[in-house]
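S.K.: Using only what follows, build the 3D model:
(2 chains)
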Amino acid sequence: MYDQSFHMELERRLELLESSGTDESFLADLPRRDVWVAALTLAVATVLLVWWGYPA
Amino acid sequence: MTTASETETPATPDNNGTLNELPLLRGERIFGFWGYSSVNVGLSIATWAFLQGGAVAVYVGAKAAIASIFIGYGISVLMVALVPCIPTAKYGIEQWVSLRSVFGRNGARVLMIAAVALLAAAWNAVLAIMFGHALRNVSNQVAGTELSNSGTVVSLISLVAVVFVWVVLARGAISVEWVNRIVAPGLVVVTLGMLALIFTQTSWSELVAIPPLAPTGSDHLNFMLAVELNMAGGFAWWPHVGNLARLTRSSRSAFWPNMLGLFLTSVVAAIVGAFAALALSSEDPTMWMIPLGGAVLGVIALTFVGFANATSIVSQAYSSLIALKGGGGRLLRRVPWLALAAGALAPVAILVFFPGAVYENYGRFVSWGAILVAPLCAVQLVDYFVLRRGKLRVRDLYLPVNESRYGFWRGYNPFAFLAVAAGALTYVALLDPVSYEPSGVFGFTTASIPAAVVAAVLHYLLTRLVVQRAGRGGYSTRDVAGLDQPGRSDSLG
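M.R.: Numbering: from 1, shown residues only, chains lettered A, B, ... in the order given. Presented below is the predicted three-dimensional model:
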C-alpha cells in the first residue's frame, strides 16, 4: 500500500517537474562567480592568516 | 498553466516530500537565505564545536588556533557547500538519492547505511559521553561525590542520555524543532558568556603566550595537524547539510548560508573552545564551566551544556532515521519508527561503555570520518560538476536498476568505490588514524587534501576510460547534454 501510493506520488511529481506547462521546475544553477568569490576570499584570508598566525 | 496545488492530494507521510525521498515541489521548499542560515547556526553552535576547539588547543596556541580553524573549516565547508548542497537544492532530491548517480542505487544505499551506522553512531556516542561527563562534574560539585571520568557511573549517565533521546524521538519532527528552538539560542549565550569570562580573567597578551596543551616537537607539524583536524571537523557536516539545503528556494540560498552560518559559527565557537582550553589547561569542555563561571553559574551552564548534548543527538538521530526510512528500501520503510530508532541508537548504547577510548580520542575519531568523507566529497564534486556538467536526470534516480541510466553494474559503480578507497588509503598513508602519527609528507600536504585529490583524479580517469566506454552510468555526451535548465554561461554546471 505504502509503495503503491509512494510511486503514484513520485510519478505525479516527476510529471510536474518535467513538464514545461507548470509552475514547478528545478532551480537555476549557482552562478560560477559565486564560487570564485568564495574561493578567492578563502585563499586571500588563508594567506593573511598564515602570515599572522603561523607559529613563529 | 498547471500548478502543483491543482493536482495535489491530501498530505500524508508517503506523499510529503520532506519526510521521504520524493523530489520536492516549490511549496515544500521552506528555506530562504536567512532561514537556512539560522538553521545552520543552530547546527554548528552545538557542543561539538567546543570539543573541536579543545582538540585544536592540544597542538597550537591562540593565534595559530584562530588561523588553523579558519583555514581548515574554510576548505572543507566550501567543498561541502558545493556537494551535496548544490545538487540536492537544484533538484530538491534527498542527499543519498543524489549519490545514486555516482555510486549506483545499491551503492548509495550501502554508503548511507555505513555512514548512519558508523559515523552518526560514533558522533552520538561522543556527545552522550560528554553528557555523562557534564552531569558527573555537576554531581561532584553539588553533591560532593568523587566520581571519575571513565567510571561505570559516567557510562550509565551516558546511557540515560541515549534512552532520553529515544523517548524524545518518539514525537518525531516536532521534538527536534522544539529542542533546537531552546538549545541553539542558549548555546549562543553560553559561548559568548564563556568568551567574556575568559577575557575578564586572562588578557589577550597572556592568552597568546600560553603554550599548546600537548604539542609535538615541531611547530610546523603542530600547525598542519591543527589545520587537518579542522578540515576533518568541516567534513563532518557532509552527512547533514544536503537534506537541509534541499529545502532552499534558490541555489544561492543553498550555498552562501553554509559559508556564513555553518562556517562562521563553527569557527567562532571552536575559537572560543580553543581559548577556554588554553586558559584552563584542559581540552575537556565539561571542565571549563565551573572554573570560569564559579559554582552557581558554572553548574547552571554545565547542566545546560550537558542537556544540549542530548538534544544534538536528537537532531542527528532524527536526520539518520529519515535517511534510513527514505533510502533503506522496502525493508526499512516497513520497520516501525521507534524500532528503527532503537536500532540506530543501539551502537551508541554500546560505545558509551568505552568512554576513555571514544571521548578522549576525539581528534583521531574526527579524522576517521574524514578518511571516508574527504574522498567521497571529492568524487561527488567531480562527478556532478565536471563529468555531468551539473545536470542530472531526476527520473533515472528513481528507476529500477535495470532501467536507469544510473544502474551501472547491478546498481553498483565499483569504480567510484575504487576512487574513494584510493583516497582513503592515501589519507591513512599520510596520517595514521590509530596513532595519529603523520608521515614526512604530511607537513606539506595535510591528509584530507591529497586524499580528495587522489579520489577526484582517479574517479575522473576511471569514468572516462572505463565506465563511459562501457556505456554505463549515463556519462555519454548525449546523456549529459541538453538536460533540464537552459544553460547559462555564468552558471556552475
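S.K.: from here on, contacts and neighbour counts on C-alpha atoms
M.R.: Noted.
S.K.: how many neighbours does the residue of chain A found nearest chain B have?
M.R.: Of chain A, the residue with the smallest distance to chain B, taken as Cα to the nearest Cα, is A:Pro31 at 3.9 Å. With neighbours defined by other Cα atoms under 10 Å in any protein chain shown, the count for A:Pro31 comes to 16.
S.K.: ok, what's across the strand from it?
M.R.: With DSSP bridges as the criterion, the beta-bridge partners of A:Pro31 are B:Ser491.
S.K.: By mean pLDDT, which helix or strand of chain A comes out lowest?
M.R.: Ranked by mean pLDDT, DSSP states H and E, the weakest helix or strand in chain A is helix A:2-18, scoring a mean of 86.
S.K.: near chain B, anything from that helix?
M.R.: Yes. Under the criterion of Cα under 8 Å from any Cα of the partner chain, helix A:2-18 makes contact with chain B via A:Tyr2, A:Asp3, A:Ser5, A:Phe6, A:Glu9, A:Leu10, A:Arg13, A:Leu14, A:Leu16, A:Leu17, A:Glu18.
S.K.: Tell me if the one helix or strand B:Ile300 maps to is near chain A.
M.R.: B:Ile300 is part of helix B:289-327, with elements assigned from DSSP states H and E. No. Figure legend: helix B:289-327 not in contact with chain A (Cα under 8 Å from any Cα); closest approach 11.0 Å.
S.K.: Go through that helix and flag the buried ones.
M.R.: The neighbour-count check on helix B:289-327 (16 or more other Cα atoms under 10 Å in any protein chain shown) flags B:289-290, B:292-293, B:298-327 as buried.
S.K.: Can you name every helix or strand that that helix contacts?
M.R.: helix B:95-98, helix B:105-114, helix B:121-142, helix B:152-169, helix B:173-201, helix B:329-334, helix B:337-351 (3 or more Cα pairs under 8 Å, 6 or more residues apart in numbering or on different chains; DSSP states H and E).
S.K.: Kindly recompute the last result at 6 Å.
M.R.: Using 3 or more Cα pairs under 6 Å, 6 or more residues apart in numbering or on different chains; DSSP states H and E, the elements in contact with helix B:289-327 are helix B:121-142.
S.K.: can you give me the mean pLDDT across the helix it packs on?
M.R.: Helix B:121-142 comes out with an average pLDDT of 88.
S.K.: Quick check: pLDDT value at the residue of the stretch 251-400 of chain B found nearest chain A.
M.R.: Shortest the stretch 251-400 of chain B-to-chain A distance, computed as Cα to the nearest Cα: residue-wise this is B:Ser251, at 5.2 Å. According to the per-residue confidence, B:Ser251 scores 95 in pLDDT.
S.K.: is it true that it touches A:Phe26?
M.R.: No. Using Cα atoms under 6 Å as the test, B:Ser251 is too far from A:Phe26 to be in contact (10.0 Å).
S.K.: Which of these two has more residues huddled nearby?
M.R.: B:Ser251 (25 against 21).
S.K.: State the distance from that one to A:Leu30.
M.R.: B:Ser251 is 5 Å from A:Leu30, where distance means Cα to Cα, to the nearest Å.
S.K.: Alright, calling it a day.
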